[in-house]
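Trainee: Sequence and predicted structure are below.
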Amino acid sequence: GAGVSQSPRYKVAKRGQDVALRCDPISGHVSLFWYQQALGQGPEFLTYFQNEAQLDKSGLPSDRFFAERPEGSVSTLKIQRTQQEDSAVYLCASGLAGDHGELFFGEGSRLTVL
Amino acid sequence: RKEVEQDPGPFNVPEGATVAFNCTYSNSASQSFFWYRQDCRKEPKLLMSVYSSGNEDGRFTAQLNRASQYISLLIRDSKLSDSATYLCAVNKGWGAQKLVFGQGTRLTINP
């Protein structure tokens, strides 16, 4: 497909489990972003990659959150020892470089921590 | 204070009405402004970019007021299909692609 693809679409985890969320950006898109969206809220920035370089991780809420994009394409967001407050939709977005470009979002991975 | 603020609504308006939302931002260095539309349980999709001179796309008009640091979205002749959450997004500053989003304004168009 031509769009941003995320998997899994839905994930239920027990508190304390580790989860990994995958994002396949649009081919050729240099920039990749992860956002967290809680119910009734706007997307909150987590981290940003330009190619394989993680240029900004200021939005990661704790050291339990880790993201990587080793080959500058697919990215993985990992959450260790999940907590209930981690329950949210995790959105991945990609775009061409430059500050006027549109971001294209995937459908998100909905994480529920019990 | 949040970097980008919107009235969460909900706004309930009859079909055919004109509705307008504002969004304020705190970073005076911001250069790029956008309105995204998000349907229930779907991803945000770009509705329109907002340019300094204001821009129009069919029934939608977006405007930027740098002096007062807000952007606006006007929807004329609203349709049932316009029901959605409208998110404003602002970049962090010159040369920064990172977007900061508002909370979103929920709009319902009633028949």
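Mentor: Received, thanks. Residues are numbered from 1 along each chain as shown, chains lettered A, B, ... in the order given.

Trainee: For B:Cys23, see how far away the residue nearest the centre of chain A is.
Mentor: Using Cα atoms, centre = their mean, the residue of chain A that lies closest to the mean C-alpha position is A:Trp34, 3.3 Å off. According to Cβ to Cβ, to the nearest Å, A:Trp34 stands 23 Å off from B:Cys23. Every C-beta, even on glycine, is put in place using the N, C-alpha and C of the backbone.

Trainee: and if you look at A:Phe33?
Mentor: From A:Phe33 to B:Cys23 the distance is 20 Å (Cβ to Cβ).

Trainee: ok, residue 23 - contacts?
Mentor: In the absence of a named chain, this looks at chain A. Counting by Cβ atoms under 8 Å, 6 or more residues apart in numbering or on different chains, A:Cys23 makes contact with A:Val4, A:Ser5, A:Gln6, A:Leu32, A:Trp34, A:Val74, A:Ser75, A:Thr76, A:Leu77, A:Cys92, A:Ser94, A:Gly106.

Trainee: think we crossed wires, I meant chain B
Mentor: B:Val4, B:Glu5, B:Gln6, B:Tyr70, B:Ile71, B:Ser72, B:Leu73, B:Cys88, B:Val90, B:Gly102.

Trainee: Specify the beta-bridge partners of B:Ile75.
Mentor: On the basis of DSSP bridges, B:Ile75 is bridged to B:Val19, B:Phe60.

Trainee: wait, what's in contact with it?
Mentor: Contacts of B:Ile75 by Cβ under 8 Å, 6+ apart are B:Thr18, B:Val19, B:Ala20, B:Arg59, B:Phe60, B:Asp82, B:Leu107.

Trainee: need the residues of chain A near chain B, please.
Mentor: Taking Cβ under 8 Å from any Cβ of the partner chain as the measure of proximity, chain A contacts chain B at A:31, A:33, A:35, A:40-45, A:48, A:56, A:91, A:95, A:97-108.

Trainee: which among those residues end up buried?
Mentor: For these, a neighbour count by 16 or more other Cβ atoms under 10 Å in any protein chain shown gives the buried set as A:31, A:33, A:35, A:42-45, A:48, A:56, A:91, A:95, A:99, A:101, A:103-108.

Trainee: Ignoring the adjacent residues along the chain, who's closest to residue 18?
Mentor: Picking chain A for this. A:Gln80 (4.9 Å; Cβ to Cβ, 6 or more residues apart in numbering or on different chains).

Trainee: that's the wrong chain, I meant chain B
Mentor: With sequence-adjacent residues excluded and distances taken as Cβ to Cβ, 6+ apart, B:Thr18 is closest to B:Arg76, at 5.0 Å.

Trainee: Many thanks, I have nothing further to ask.
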